[in-house]
Every structure is written in C-alpha cells, then in structure tokens.
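> Output the structure for:
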Amino acid sequence: MKQVVATALALLLLLFLLPLLLVRQDGPGTAQESAAPTGELPIDRTVVTPARSEDAAVTVRVSIGDGEVLTLPLDKYLWRVVAAEMPASFEPEALKAQTVAARTYTLAKMGRTVQNHPDADVCTDINCCQAYIEPDQAAENWGENTQVYTAKISAAVADTDGVAALYDGAPIQAVFFSSAAGRTVDAVEVWGNAVPYLSGVDSPEGEEVPNYHSTASVPVEEFKRTLLAKVPQADLSGPPSGWFGETVRNSAGGVSSVTVGGAAVTGSALRELFSLRSANFTVTADESAVTFSVTGYGHGVGMSQYGANALARQGKTYEEILKWYYTGIELGRCSPAG
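Numbers count the residues shown, from 1 in each chain. This is a model prediction of the structure:
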C-alpha cells in the first residue's frame, strides 16, 4: 500500500514540475533571440521599389540626319539637349529651368508632322529644333569636370521629372536664347505674332557673359552684294557713310528696322544676312567696311539662359525663373501633343 501511495505522489510531483521545466527550457533561448544586442537596431528588410520616372515612360523619336532616327526615353533625350544647350557650369536652378523649357518644347512638338523631319518628333538641327550632344562627346568637351557635370544635368532632369510650362493647360512655345541686352523682346516685335506669355521682361545678365559685346566688320563690296540680293530696291550708289538713315528700336533696345539706301530693312534680316549675334546693334560705315557693334546673343524672345543663371545666383528657384521669363504660365504635367 505504501508503495502505491509513493508512486502516486511521484506522478503528481512530475505532472506539477513538467510545465515548469518546459518553460525554463524555452524561455531563455527565446528571450535572447528576440532582444537586440546592446547598441544595435533590428535590420529593416523592407524592399522599397522606386517610382518610375514619368519622363522615362515617354518615347521620343529623334532625327539625327541622313534619314537615321533614334528612339530614346524622354529623360535620356533631355539630358542630351541640356548638355548641348546650356553650360553645365551654370547654377543647378538654371539647369532645372532649362530642362523644363526643353521638356515643354519637346512635348509641344511631339505628335506633329514637321516637314524637316516627318518621321521623327524632333531633330538635332538647331535651326529647326534644339541642340543635341551625345554623352561621349560631352565628356570629351568637359574633360576633368565630366563626372560633376554629368551628375548636375542628371539631377536637373530627375528633380523636374514630368514638369512642363503650361498656359491654359497646354505646353507653351518655350523658346529661349543665350543672352539679352538688359531686356527680352516681345514676340510680336520679332515674329509679328502676339503671344501672351512671351512679353518683354528685364533680364539681369551683363558683362559676365562671354562675348557680350561683339563686332562684325563687313567689306563694303560684300555688304553691297549681300544686301542687294535681299533688298534690290536699296540705293547704294553713294558713299557708304550716307547709306544708313533712320533706326527704329524695339522695347528692348534692339533694331526693329533701319533705313539702308532708302529702303527699310528689319534688324532681324540684317542679323541673318551678316551673321550678327543679335539684332541689338549700332552700325557705322566708311569707304572700306560696314561695322556692326552688337550686344547679346540670340533672337531675344523667351528665356535668356545667362539671365536665368544670373537669377539663380540671386537665389531664385527654377519655378521663379520660368515664371519670370514666361509671363502668366503655370507649372504642371501634361501629355505629349498630338
């Protein structure tokens, strides 16, 4: 009987102690595994997938001449345009403004048929579309600055991803040029068409611009031959000092028209005929040559690139720069035209 009682008591004791033994066995190991070592944080193994670039989702057909057409994502095309159009040494906000202008210009042209490149959205001819340079050529030009400049332009494209300049919800004609002579020109004064967002505004660049002032001297006989081919009614029979008469200037100080040999000739026509850097000039003539003294570079309408850089140095953002030069616009997103 005593043996039965002892056995029963032993079984009861075992049943009481077994859970405690199991807890002690599991407890320390679990506590050590769940607690982070002193001074360390748990590793976050969450995988974050970056959002896809809006520009990368747009495809641009680029005519590079001789019938060859490249197909590029918009962000890659914009990198090539900005690298060609604006010095990479410029301020980051100026590069961003240039990127948005280039993106807007491209989106406005896409889907439209252009005689110069019917099978492409844009081309690389600066007389038709925007400038363009391949990365390897840009690197050759930049030399030891290649890494820094490449990163700056890549950042300008990425930081403005998808942003365009809009007027009434549509991409604007985002024209731009190199440098103004203190003020940009109203579009109607250059091209004859009034565009609400292409009004003349003050532009702060100046003597820091390379070749801001330039001179072009044209031999008298060459001047006569070139001008008469374009303006046959001009009378250049007298001495050169008497060829030039009244000069009419536009709101920015550029030449709207000048009387040459009794005929009115536009400043833009003279700029084109004699490869002047701008239509902001004065002219003198003697028996040997006709001399143009020129200020600034470009047609003068829209955004001045050196002006944009000057504004960036003053602390303006790319949004402020764009709204400075393109009056009344908004910045937003839009689909390609067409």
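
> Then Leu272 would be within a helix, right?
Careful, residue 272 is Glu; it's not Leu. Yes - assessed by DSSP: H, G, I helix; E, B strand; the rest coil, Glu272 belongs to a helix.

> What number of residues are in the vicinity of it?
12 (other C-beta atoms under 10 Å). In short, each C-beta sits where N, CA and C put it, glycine included.

> repeat for Phe274
Neighbours of Phe274 (other C-beta under 10 Å): 19.

> Torsion angles phi and psi at it?
When read as degrees, to the nearest 10, the backbone of Phe274 gives phi -120, psi 20.

> phi, psi of the nearest residue to Cys128 once chain neighbours are set aside?
What sits nearest to Cys128 in space, not counting adjacent residues and going by C-beta to C-beta, 6 or more residues apart in numbering, is Asn116, at 4.8 Å. Dihedral angles of Asn116 (phi, psi; degrees, to the nearest 10) stand at phi -70, psi -20.

> residues contacting Asn116?
Going by C-beta atoms under 8 Å, 6 or more residues apart in numbering, Asn116 touches Ser63, Cys123, Asp125, Cys128.

> same question, Ser179
Ser203, Glu205, Val209, Tyr212, Gly296, Tyr297, Gly298, Ser304, Gln305, Tyr306, Gly307.

> Highest neighbour count among those?
Gly296 leads these on contacts (other C-beta under 10 Å) with 33 neighbours.

> coming back round to it: cross the contacts of Ser179 against helices and list the overlap.
Gln305, Tyr306, Gly307 (DSSP state H).

> Spatially nearest residue to the last one (excluding sequence neighbours)?
Using C-beta to C-beta, 6+ apart and skipping the chain neighbours, the partner closest in space to Gly307 is Ser203 (3.7 Å).

> roughly how far apart are that neighbour and Ser241?
34 Å (C-beta to C-beta, to the nearest Å).

> Repeat that for Thr226.
Distance from Thr226 to Ser241, by C-beta to C-beta: 19 Å.

> that older thread, between the ones in helices among the contacts of Ser179, which sits nearest Val220?
The closest of the ones in helices among the contacts of Ser179 to Val220 turns out to be Tyr306 (C-beta to C-beta; 33.6 Å).

> so what pLDDT did Val48 get?
pLDDT, Val48: 48.

> Phi first, then psi, for Asp159.
When quoted as degrees, to the nearest 10, the phi and psi of Asp159 stand at phi -70, psi -20.

> so the spatially closest residue to it that is not a sequence neighbour is in which element?
Nearest residue to Asp159, sequence neighbours excluded (C-beta to C-beta, 6+ apart): Lys96, at 6.0 Å. Per DSSP states H and E, Lys96 falls inside helix 92-109.

> ok, and for that helix, which residues are buried?
93-109 (16 or more other C-beta atoms under 10 Å).

> After that helix, which helix or strand is next? Please name it.
As assigned by DSSP H and E, the chain's next helix or strand after helix 92-109 is strand 122-123.

> quick check: mean pLDDT across the helix or strand just after that following strand?
Following strand 122-123 in sequence order, the next helix or strand is helix 135-142 (DSSP H and E). Across helix 135-142, pLDDT averages out at 97.

> just to revisit the earlier point, against which helices or strands is the helix holding Lys96 packed?
The elements that helix 92-109 packs onto, with contact taken as 3 or more C-beta pairs under 8 Å, 6 or more residues apart in numbering; DSSP states H and E, are helix 74-85, helix 146-159, strand 164-167, strand 170-171, strand 303-304, helix 305-313, helix 318-325.

> Using a markdown table, please lay out those together with mean pLDDT.
Output for the helices and strands packed on helix 92-109, formatted as a markdown table (pLDDT from 0 to 100):
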| stretch | mean pLDDT |
| --- | --- |
| helix 74-85 | 98 |
| helix 146-159 | 98 |
| strand 164-167 | 97 |
| strand 170-171 | 94 |
| strand 303-304 | 98 |
| helix 305-313 | 98 |
| helix 318-325 | 98 |
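
> and Ala263, bridged to which residues?
Ala263 has the following beta-bridge partners by DSSP bridges: Val260.

> need the contact list for it.
Applying C-beta under 8 Å, 6+ apart, we find Ala263 in contact with Val231, Gln233, Ala234, Asp235.

> Can you classify the third one by secondary structure?
Secondary structure of Ala234, reduced to three states by three-state DSSP: coil.

> Test my guess that it contacts Leu228.
Yes - between Ala234 and Leu228 there is a contact under C-beta atoms under 8 Å: 6.3 Å.

> Now do the domain split for the chain, please.
Under the assignment automatic domain parsing, the domains of the chain span 55-207+300-332, 213-295.

> Can you say which of the ones you listed is packed in most?
Of all the domains of the chain, domain 55-207+300-332 has the most neighbours on average by mean count of other C-beta atoms under 10 Å, namely a mean of 19.
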